[in-house]
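Visitor: sequence and predicted structure, then a few things I'm wondering about:
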Amino acid sequence: MAAVAPTLARRIARPGMLPLCSRPQAWGRAARQSPGLPRAPSLLLTQRRAFSNNKILVELDEGSGIATMKLKSPPVNSLSLDFLTEFCISLEKLENNRGCRGVIFTSAIPKIFSSGLDITEMCRKSTEHYAEFWRAVQEMWLRVYGSNMVTVAAINGSSPAGGCLLALSCDYRIMAENPKFSIGLNEAQLGIVAPFWFKDTFVNVVGHRVAERSLQLGCLHSAPEALRIGLVDELVPEEKLQDKAAAVIAQWLALPDHARQLTKSMMRKLVLDRLVAHREEDIQNFISFITKESIQKSLHMYMEMLKKKKG
């Protein structure tokens, strides 16, 4: 792990470097063939391998080929630079493991999936820091959205902004049936504009009109509302969330890998290529926007509001 981390961090931070997933394995090399219909994970007496770093816990069931990535960065799984780097390292290890065919993303923290981008990474920092941070955000999305594995989000808590983006990037979204949990791209509420690749991902899931209204108003949708507009695919009781996610991913893995992967590539390649082609421009746009004094004041006020709530 120690040898991998600096390498990936340098790739994320290096200007002009194409992302590791700009040519996802699904369409960049011969796809892995499915060994046949996978049995339900609960029926398999198999070894489970686990590896962990500070903010991510990964468990791989070697019999089913299904991994679970648990976000464990208290208090709210905010997407800091350190978190994003560890996330990409963990996902890269799974991508490079030919025995892993699918991954479930979920949270190890009660009531929260991910609160989204870490606001502290965007307040009163250097231009170089903003560039490194935004490149890491791009890398997370490129890796998940372009993954050759089946990806399922088991959303066991609220998931605003960047947390919603992570869920949107998956192939399938299952949310805990709790009206107190919400999900959405609420950047407009903070005076921030969601970048084009956030928007493109959202539109591809819920459609243009719903996305346009939701983005302009910075809506956070309750779990029932998220199901109604198609932001999530299913609601299940929280105690059944993991079992349901495993069952869904097993159903997807019943198909030959090469056909599923190439279809995924066909559906997502244009959106992925758009960011790859404009990656440095997108970083500069982020820096130009986030360094505006009005935006810095808005973010500072939001942070102060959060401090008062905690107090």
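Guide: In hand now; what should we look at?
Visitor: what residue ranges in the protein score low on pLDDT?
Guide: 1-50, 310-311 (pLDDT under 70).
Visitor: all helices for it, in order.
Guide: Taking DSSP state H as the criterion, the chain contains helices spanning 4-13, 25-28, 81-95, 127-145, 162-168, 196-206, 208-217, 223-229, 241-253, 257-277, 279-290, 293-310.
Visitor: and for residue 201, the neighbour number?
Guide: Other residues near residue 201 come to 23 when the count uses other C-beta atoms under 10 Å. Heads up, the C-betas are built off the backbone N, CA and C, glycines and all.
Visitor: excluding chain neighbours, what is closest to it?
Guide: In this structure, residue 201 finds its nearest non-sequential neighbour in residue 168, 4.8 Å apart by C-beta to C-beta, 6 or more residues apart in numbering.
Visitor: I figured the one you found hits residue 202, correct?
Guide: Yes - checked against C-beta atoms under 8 Å, the pair residue 168 and residue 202 is within contact range at 6.1 Å.
Visitor: residue 119: which of the helices of the chain is closest?
Guide: Of all the helices of the chain, helix 293-310 sits nearest to residue 119, with 5.7 Å by C-beta to C-beta.
Visitor: quick one: residue 279 from residue 126, how far?
Guide: When C-beta to C-beta, to the nearest Å is the yardstick, residue 279 and residue 126 sit 20 Å from each other.
Visitor: what sits closest to residue 117 if chain neighbours are left out?
Guide: Leaving aside its sequence neighbours, residue 117 sits nearest to residue 162 (C-beta to C-beta, 6+ apart; 4.3 Å).
Visitor: OK, contacts around the one you found?
Guide: Residues in contact with residue 162 (C-beta atoms under 8 Å, 6 or more residues apart in numbering) are 79, 114, 116-117, 137.
Visitor: got it, and residue 114?
Guide: 71, 76-79, 107, 159, 162-163, 166.
Visitor: between these, which is nearest residue 195?
Guide: Closest to residue 195, out of all of the contacts of residue 114 and judged by C-beta to C-beta, is residue 162, at 11.1 Å.
Visitor: next one: the closest one relative to residue 137, how far apart?
Guide: As for residue 162, its distance to residue 137 is 7 Å (criterion: C-beta to C-beta).
Visitor: between these two, what contacts are shared?
Guide: Applying C-beta under 8 Å, 6+ apart, one finds that residue 162 and residue 137 are jointly contacted by 79, 117.
Visitor: if we can go back for a sec, for residue 154, which of the helices of the chain is the nearest?
Guide: With distances scored as C-beta to C-beta, the stretch of these nearest to residue 154 is helix 241-253 (4.2 Å).
Visitor: so what's the gap between that closest one and the chain middle?
Guide: Helix 241-253 has its average C-alpha position 18 Å from the chain's average C-alpha position, going by C-alpha atoms, centre = their mean, to the nearest Å.
Visitor: which of the residues in it are buried?
Guide: When neighbours are counted by 16 or more other C-beta atoms under 10 Å, the buried residues of helix 241-253 are found to be 241-242, 244-246, 248-250, 252-253.
Visitor: ok, those vs residue 262, which is closest?
Guide: For these, the residue nearest residue 262 by C-beta to C-beta is residue 252; the value is 14.3 Å.
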